[in-house]
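S.K.: Here is my input; please provide its structure:
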Amino acid sequence: MLGLQHVDLMVCSCVPAAVQLLWMGYFPCAPLGPTLAVSLQLLSLVRQLFMRMPPNTSAWCESFEAYLAGMGYKVDAKEGIRRRFGNAYHWYCILEISLDEHIQQQLQKSISPPSDIPLADASSSHYSPDSDVFSSKMRPSQYLQQCCPLCFGGHNWQSNNSQQSPSDVDAIVCIDACFTQKRRSGQPDDPVNPTATVFLSPEDIQAMECEVDGLQKSKSANQRRSGQASKRNHGDEGDVFEEGMRITTSVLKGCNDSFTAADERRQKASTQFFSDTGVMALLCRHDHVIHLANMTSAGEKQHYALALIRSLFGHLPSNFCVGLLYDIGCQLEQSCRKWGFLKSFLPCISFAISVFHAFGHQWACQLIYHPRKREGFGLSDGEGCECFWSSIKGLIPSLRVSGYHQRLFVVDFQVHHLDMKSLNGLGQWLLRHWNHCQEKKASASKGLRRCGVDIPTLQAEWDAQIAAQTKPTPTKLVVLEQDLLHGVPDMINLNIQITECCKKVMNFKQALQRQRSTLGLNGPADLARIQNSSYLQLRMHALAIKKRIRDRLLERSYRHTVSEQRLQYHTEASVKRQEAGIVKLASSYNNLCLQMVGLIHKGKAPQGSIAPLLIPRDSLFKLDVDDDIWQDVGLGDDADGVLPAWLADDKVRSGIRSLLELRRCEEEERRLLKEKQALVLWFSEQWACMQRAMEDAGLCLMWQKQLSDFPGAAYENWGLSNEDLHSMVQVPHLMCVDADDGERLDGFESEGEGEDDTVLDDELLYVAEEFALADEYHQHNDMSLAELSWGDEMDSDLLDMDPPSSPSKRARR
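M.R.: Below you'll find the predicted structure:
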């Protein structure tokens, strides 16, 4: 390795020092008067390194300075190279990103869809917050196609709809929030980076927040007025289905109590210490980031998710259906239907809950929203956001103290790297999921054959199970009405007393009804019967214990596992301590079940009683959506009569599970085949764009040759240099272009002239001369570039420059 060398550059306004350094293969730390230049190869190495590890320019520069000191080179100890190297690296990354964006934009301009697919209206390519209408696109936008060609690539997604089930959706996305990606308050403002970003603009998020607040205020006022009239005329309605919902209000309330994300007032990050409290992401099912939303509130507000959904539909056609997986998907759908959020989009959205969060929901909610039970979601699990948070967790320390725009830039940079990494493995992803789908499909088919029940019967039993387990909880309606005499002097106090009495009576009756529902009693006759029946007493006790076991298992398996990482040790210890209590409850429950079995054998149980199922110890802590822990066989109010087959028949229950798994596998098959076709069509369009670009390069060379004797400037700017043109053009393309060009020029020749062969031969000679000149140009260009380095070869990665003199003292060429 040669030593560091001082080089004097002859600069002028036409060729500044930064341009000359780029010619020499170095990137300057400043556009004017740079004092440090870094090798482009070294910057490329650091760029690849920081893609795969947390970026830390301070540590890297300190290590490099120590390395140089060991080699005998001294760096200015006061200033060092950290700041200057950081500037060079940052703007080098921006240059690389800008170059990729420019190439993509130029390629997109040359994309022309097939003749049977009309072009989209450019004026409606973005969603307008002021008008709740779809865009007039006939296919997903180029932005979405670049995000994920499997979900949004190809132009025949509409023709695929005829081959799919009506319940299938066109694409599946997931939403989740992360409150570990914070940024502290008081950080200095940094300049805006001139690159595209996947983050929604603050204006879009603010507009959605204002819209949400406005709809809630107006709807609340209307509901208060109508609710008072309804209470006067009909009383309380109790547990009912809200409009458009398939689960009751009591189930929704239970899900809301289980999740902190459903409570918008719950503070997850302090706005006093953090300016940015987290990030919410919208990803496709292939873990590709579509949009991100920077969160500034203390809780997980719904307007962030609504803004992400609105932005997605701004890039989609009006009849494009989306499956949405969210940890509180049931709560989000209820809010949309109750308050009128995204009203025009709701027919095109199918809500579901992600697999990891499903066990925190009520069983009735799982029947409707679990992706393994809801039609259209195949084998998608909705946990792509969790993988994304894991991949960028290394950025947490550095972004905690970064500037606002620098934080967005670093996350965008990492997203771009992850997308490119995933793009390289899309074929392997499809093959892996196809093989997994075939294995599960074979297992499900085997289970269906083993159960011996036909599919129509299993479907009817599944429908009956949903209807039975999602019906409203029986609640006695209470109507309290009193006619008040006009002219009573203390009318205000009287109204207050009546309201308080009605409230106390209502609360007492509701509490009594809940206790009776828990005990499985339907009236005083049942109470007298249970007091004289030891079997019924055991049954009630077993049911209460089983519900307690379910609550403890949910608390152990879900609610503690979503805690912060800094509490991991404490959480593990707490969960371990709870296992003994859960095992003890399971043992008590099994003992009660054995006593009930003994009473049934002795004939001391009511006629038709069915023994409840025992809880096996080995599978107690392995919760699954179809485990027996969720079913109260032999413990319900109908346990004394004939139980339905979906609850009592083991073959029917096993067949229902196999049927649901088989249908999800069939949906996954159709989706994988569609995604493969979309990938092929997307690549064919990209390749056609490249072909057209190369053909245009050949035309440019031909036009330059034809206009060589035309009056004008000798070297006009055609958009790129001659060496770039020559590097893009290949002989077959030029020959094809020349032949076509010769045919087109024949029409402009005078009649009777037979110079076609001569013209073609001349053009071929021109092509050969162009390639010879190109080769010679590259050889001389390398030589001149070496001579530009003033003799000696520059092998060093850092070029330390003396502080430049004032412009008046600079040497001129």
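
S.K.: biggest helix in this structure, by residue count?
M.R.: The single longest helix within the chain, with elements called by DSSP state H, is helix 650-706.

S.K.: now the helices for the stretch 351-500 of the chain?
M.R.: Along the stretch 351-500 of the chain, the stretches classed as helices by DSSP state H, counting those that start in this stretch are 363-369, 384-391, 396-399, 404-424, 426-451, 455-469, 491-519.

S.K.: try the stretch 151-300 of the chain
M.R.: Using DSSP H, counting those that start in this stretch, the helices of the stretch 151-300 of the chain run over 157-161, 202-234, 249-258.

S.K.: With respect to Gln302, which of those lies nearest?
M.R.: helix 202-234 (6.8 Å; C-beta to C-beta). The way it works is simple: take the backbone N, C-alpha and C, and place the C-beta from them, glycine included.

S.K.: For the closest one, name the packing helices and strands.
M.R.: Of the remaining helices and strands, those touching helix 202-234 by 3 or more C-beta pairs under 8 Å, 6 or more residues apart in numbering; DSSP states H and E are strand 289-295, helix 302-313, helix 329-339.

S.K.: can you put those in TSV and add mean pLDDT and distance to Val240?
M.R.: TSV is the format used below for the helices and strands packed on helix 202-234 (pLDDT from 0 to 100; distance: least, C-beta to C-beta, whole Å):
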stretch	mean pLDDT	distance to Val240
strand 289-295	96	34
helix 302-313	96	23
helix 329-339	94	13
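
S.K.: and these as TSV, adding distance to Cys61 and mean neighbour count?
M.R.: Shown next, in TSV, are those (distance: least, C-beta to C-beta, whole Å; neighbours: other C-beta atoms under 10 Å):
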stretch	distance to Cys61	mean neighbour count
strand 289-295	29	24
helix 302-313	37	23
helix 329-339	46	22
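
S.K.: Dump these to JSON lines, plus distance to Asp381.
M.R.: Listed next are the helices and strands packed on helix 202-234 as JSON lines, based on distance: least, C-beta to C-beta, whole Å:
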{"stretch": "strand 289-295", "distance to Asp381": "17"}
{"stretch": "helix 302-313", "distance to Asp381": "19"}
{"stretch": "helix 329-339", "distance to Asp381": "13"}
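
S.K.: List just the one of those that sits closest to Ser654.
M.R.: Ser654 lies closest, by C-beta to C-beta, to one member of the helices and strands packed on helix 202-234: helix 329-339, at 27.4 Å.

S.K.: So which bits of stretch 418-425 are buried?
M.R.: 418-419, 422 (16 or more other C-beta atoms under 10 Å).

S.K.: Most tightly packed of the helices of the stretch 151-300 of the chain?
M.R.: Mean neighbours per residue, mean count of other C-beta atoms under 10 Å, is largest over the helices of the stretch 151-300 of the chain for helix 249-258, with a mean of 18.

S.K.: Just the C-alpha atoms of that one, please, in CSV.
M.R.: Only the C-alpha atoms of helix 249-258 are listed here, as CSV (Å, rounded to 0.1, in the frame of the first residue of the first chain):
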residue,chain,number,x,y,z
THR,A,249,-71.3,-6.0,22.2
SER,A,250,-70.4,-8.1,25.3
VAL,A,251,-67.8,-10.1,23.2
LEU,A,252,-66.4,-6.8,21.8
LYS,A,253,-66.2,-5.5,25.4
GLY,A,254,-64.3,-8.6,26.5
CYS,A,255,-61.8,-8.2,23.6
ASN,A,256,-61.4,-4.5,24.4
ASP,A,257,-60.5,-5.3,28.0
SER,A,258,-57.9,-7.9,26.9
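
S.K.: okay if I get the helices of the stretch 351-500 of the chain as TSV plus distance to Ser684 and mean pLDDT?
M.R.: Converted to TSV, those look like this (distance: least, C-beta to C-beta, whole Å; pLDDT from 0 to 100):
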stretch	distance to Ser684	mean pLDDT
helix 363-369	38	92
helix 384-391	27	94
helix 396-399	39	92
helix 404-424	16	93
helix 426-451	15	95
helix 455-469	39	93
helix 491-519	61	68
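
S.K.: now, of those, which is deepest in the fold?
M.R.: Of these, helix 363-369 is the most buried (mean count of other C-beta under 10 Å), at a mean of 23.

S.K.: Now Pro616: which helix or strand?
M.R.: Pro616 belongs to no helix or strand when assigned by DSSP states H and E.

S.K.: Return the distance of Asn87 relative to Ala30.
M.R.: 7 Å (C-beta to C-beta, to the nearest Å).

S.K.: the more surrounded of these two?
M.R.: Asn87 (18 against 15; other C-beta atoms under 10 Å).

S.K.: The more buried one touches Cys29, doesn't it?
M.R.: Yes: in this structure, Asn87 is within contact of Cys29 by C-beta atoms under 8 Å, at 4.8 Å.

S.K.: Cys174 and Met280: what is the separation?
M.R.: Taken as C-beta to C-beta, the span from Cys174 to Met280 is 11 Å.

S.K.: What of Leu399?
M.R.: Taking C-beta to C-beta, one finds Leu399 at 16 Å from Met280.

S.K.: How about Ser220?
M.R.: Counting by C-beta to C-beta, the gap from Ser220 to Met280 is 25 Å.

S.K.: mind showing which ranges of the stretch 501-650 of the chain have poor pLDDT?
M.R.: 512-533, 535-537, 546-580, 607-608, 617-642 (pLDDT under 70).

S.K.: now with 80?
M.R.: 501, 503-590, 593, 596-643, 648 (pLDDT under 80).

S.K.: Reformat the helices of the stretch 151-300 of the chain as JSON lines; add mean pLDDT.
M.R.: Output for the helices of the stretch 151-300 of the chain, formatted as JSON lines (pLDDT from 0 to 100):
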{"stretch": "helix 157-161", "mean pLDDT": "56"}
{"stretch": "helix 202-234", "mean pLDDT": "78"}
{"stretch": "helix 249-258", "mean pLDDT": "87"}
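
S.K.: now the closest residue to Ile81 other than its chain neighbours: how far from Thr277?
M.R.: Spatial nearest neighbour of Ile81, chain neighbours left out: Cys61 (5.3 Å); criterion: C-beta to C-beta, 6 or more residues apart in numbering. Note on Cys61: its distance to Thr277, by C-beta to C-beta, is 31 Å.
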